[in-house]
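In: Sequence first, predicted coordinates after that:
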Amino acid sequence: MTFSIVATDGVDVGVAVASKFIAVGAIVPHARAGIGAVATQCYANPRLGQLILKLLESGLNASDALTKAINEDPGKDERQIGVVSIRGGAAAYTGSKCPEYAGHIVGSNYAVQGNILVGPEVLEKMAKAFEAKRGELVDKLLEALTAGDAAGGDRRGRQSAAIIVLRPGGGYLGLSDTYVDLRVDDHPDPVAELHRLFGIWELTLLNREDPNDVVLKADVALMVQRILKGLGFYKGDLHGNWDEATEEAFRAWAGYENFENKVRSDDKIWGSVYRYLINEAKRRSLLPDD
C-alpha cells in the first residue's frame, strides 16, 4: 500500500518511500553502505530486505539476488520489492496478488514500485523526475517521491514517508555511513513534511555548501561578538577582532545549535551558518527585523 524508489549513483545507496500506512520507514527501507538498497512492501516481508542485502554482499547481482530471495518466500504473490546494487543494476518484482494499481519500472541504477496507486502515472512521473533531477542521490530521491505524491500516490491517501541514504563515512562527523535518515511517521502531508525536515538536516549536518558562500571572520567579528554577547556565549569586549575568545564563543554557540559539523578551522564561516545566526538574533530581537 505504498510507492517507493531505490537507487544508487555508485557511491550512495538509498530508498525513499511514502504510504497511507503508519511509520512506513520502519518497514520498507533496507540499505547497506557499499552494498545496495531494497524496498520491501505490499504485505511486506522485511526479512527479504536483509536476505537480499546479504546476497548482494556475496556477489550476486540485483536481479539474481531478488529472484533467489523471492523464490524462498511462500507469500511471494503478495510481495513487492525493488532492489539496487552499488555495482550497478536494478531489479523489481510485483506479485500477482498485489492490490491494483500495482506495478514497477526499472531504470538505470534505480527502480520505482507501488501498489494501491491511483494509476501507472505515479510510477511514470517518479521515474521521469528521478532521471531529470540534477544533484546528489538524496536530491533525486526526494524529487521522485514528490513527483509520485503529486501524481496521486497511494489512492487511499497520505500518512507517512521516509528517506534513507547511506554513504561510506558520510555520516555525522564522518563516524557513520548514515548520510540522511529521516522519517515522518504520521502526518497529513508527509512528503512535504519530509522536505521540511530535510531542510533542517541539510542546514545542520550536510557539508555540501557552495564553496563561494562564505563570509570572512574578520569582516563579521563585531557583529558576531554583539550577537553572541546577547545570547550569553561571549563575555568579552566588542572590539571587532576575531580573537581566541570570539572563536571559543562561536564554537560554543555552534555546538549548542547543532552546527558542530559545520564549524570551519580556517578564517571563514559558511554563509548558511552566518545567516542562521543573523536570523536567530532577529528572532530574539537582538537585531532589527528588516
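Out: Happy to help now that I have it.
In: And the pLDDT at residue 221?
Out: Residue 221 carries a pLDDT value of 98.
In: Would you quantify the distance from it to residue 64?
Out: Going from residue 221 to residue 64 by CB to CB, to the nearest Å gives 60 Å. Using the backbone N, CA and C atoms, a C-beta is placed for each residue, glycine as well.
In: could you say which helix or strand contains the residue nearest the centre of the chain?
Out: With distances taken as CA atoms, centre = their mean, the residue of the chain nearest its centroid is residue 180 (4.1 Å). In the assignment (DSSP states H and E), residue 180 maps to strand 178-184.
In: Can you tell me what sits against that strand?
Out: Strand 178-184 is contacted from outside by 12, 14, 23, 25-26, 138, 160-167, 170-172, 190-191, 193-194, 197-198, 201, 206, using CB atoms under 8 Å, 6 or more residues apart in numbering.
In: let's see it at 6 Å
Out: Residues outside strand 178-184 that contact it (CB atoms under 6 Å, 6 or more residues apart in numbering): 25, 138, 160-165, 167, 170-171, 190, 193-194, 197.
In: partner strands of that strand, parallel or antiparallel?
Out: The pairing partners recorded for strand 178-184 under DSSP bridges are strand 160-166 (antiparallel).
In: how about the strand it pairs with as PDB, C-alpha atoms only?
Out: Taking Å, rounded to 0.1, in the frame of the first residue of the first chain, the C-alpha atoms of strand 160-166 are listed here in PDB:
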ATOM      1  CA  SER A 160       3.900   8.600   6.400                       C
ATOM      2  CA  ALA A 161       7.100   8.900   4.400                       C
ATOM      3  CA  ALA A 162      10.800   8.200   4.800                       C
ATOM      4  CA  ILE A 163      14.200   8.500   3.200                       C
ATOM      5  CA  ILE A 164      17.500   6.900   3.900                       C
ATOM      6  CA  VAL A 165      20.800   7.500   2.000                       C
ATOM      7  CA  LEU A 166      24.000   5.700   3.000                       C
END
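In: For that strand, give me every contacting residue.
Out: Here strand 160-166 makes contact (CB under 6 Å, 6+ apart) with 12-19, 23-25, 29, 31, 33, 137-138, 141, 177, 179-185, 190-191, 194.
In: Filter those residues down to the buried ones and express that as a PyMOL selection.
Out: PyMOL command restricting the contacts of strand 160-166 to the buried ones, with burial defined by 16 or more other CB atoms under 10 Å:
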select buried, resi 12+13+14+15+16+17+18+19+24+25+29+31+33+137+138+141+177+179+180+181+182+183+184+190+191+194
